[in-house]
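A.B. asks: okay, here's the prediction I keep looking at, along with the sequence it came from:
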Amino acid sequence: MPRKQSNIKCHHQQVEELTYHPYIFLFPPLSPQEFQNLRADIVINGQFSNP
């Protein structure tokens, strides 16, 4: 049986091919420490929103 071609792009593809959503520019980027804190918090608490 032939393999189906995947629509997933390879990890070695150049970043220039990505398109960013315009809203990304409304928020400042996270520092490396802020990103690590966010990751740790998601591991502990999961992703959810408070009503």
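C.D. replies: Nice, I can see it. Numbers count the residues shown, from 1 in each chain.

A.B. asks: where does pLDDT dip in this protein?
C.D. replies: Filtered on pLDDT under 70, the chain yields the residue ranges 1-16, 49-51.

A.B. asks: distance check, H21 against I44.
C.D. replies: 28 Å (Cβ to Cβ, to the nearest Å). C-betas here are computed from N, CA, C, even on glycine.

A.B. asks: swap in T19?
C.D. replies: With distances taken as Cβ to Cβ, T19 is found 32 Å from I44.

A.B. asks: helices along this protein, start to end?
C.D. replies: Ranges of helices within the chain are 32-45, based on DSSP state H.

A.B. asks: A40 and P22: what is the separation?
C.D. replies: 29 Å.

A.B. asks: okay, those two: which has more neighbours?
C.D. replies: Taking neighbours as other Cβ atoms under 10 Å, A40 and P22 compare with A40 leading, 10 against 7.

A.B. asks: mind listing what the more buried one touches?
C.D. replies: If a contact means Cβ atoms under 8 Å, 6 or more residues apart in numbering, then A40 has no contacts.

A.B. asks: oh, and call the first residue 8 from now on, that's how I've got it
C.D. replies: Done: numbering now begins at 8, and the last item shifts to A47.

A.B. asks: quick one: L37 from L45, how far?
C.D. replies: From L37 to L45 the distance is 7 Å (Cβ to Cβ).

A.B. asks: what's the answer for L33, then?
C.D. replies: Distance, L33 to L45, by Cβ to Cβ: 17 Å.

A.B. asks: neighbour count winner among these two?
C.D. replies: Neighbour comparison, L33 and L45: the larger count goes to L45, with 11 against 7 (by other Cβ under 10 Å).

A.B. asks: quick one, what contacts the more buried one?
C.D. replies: By Cβ under 8 Å, 6+ apart, the contact set of L45 is L37.
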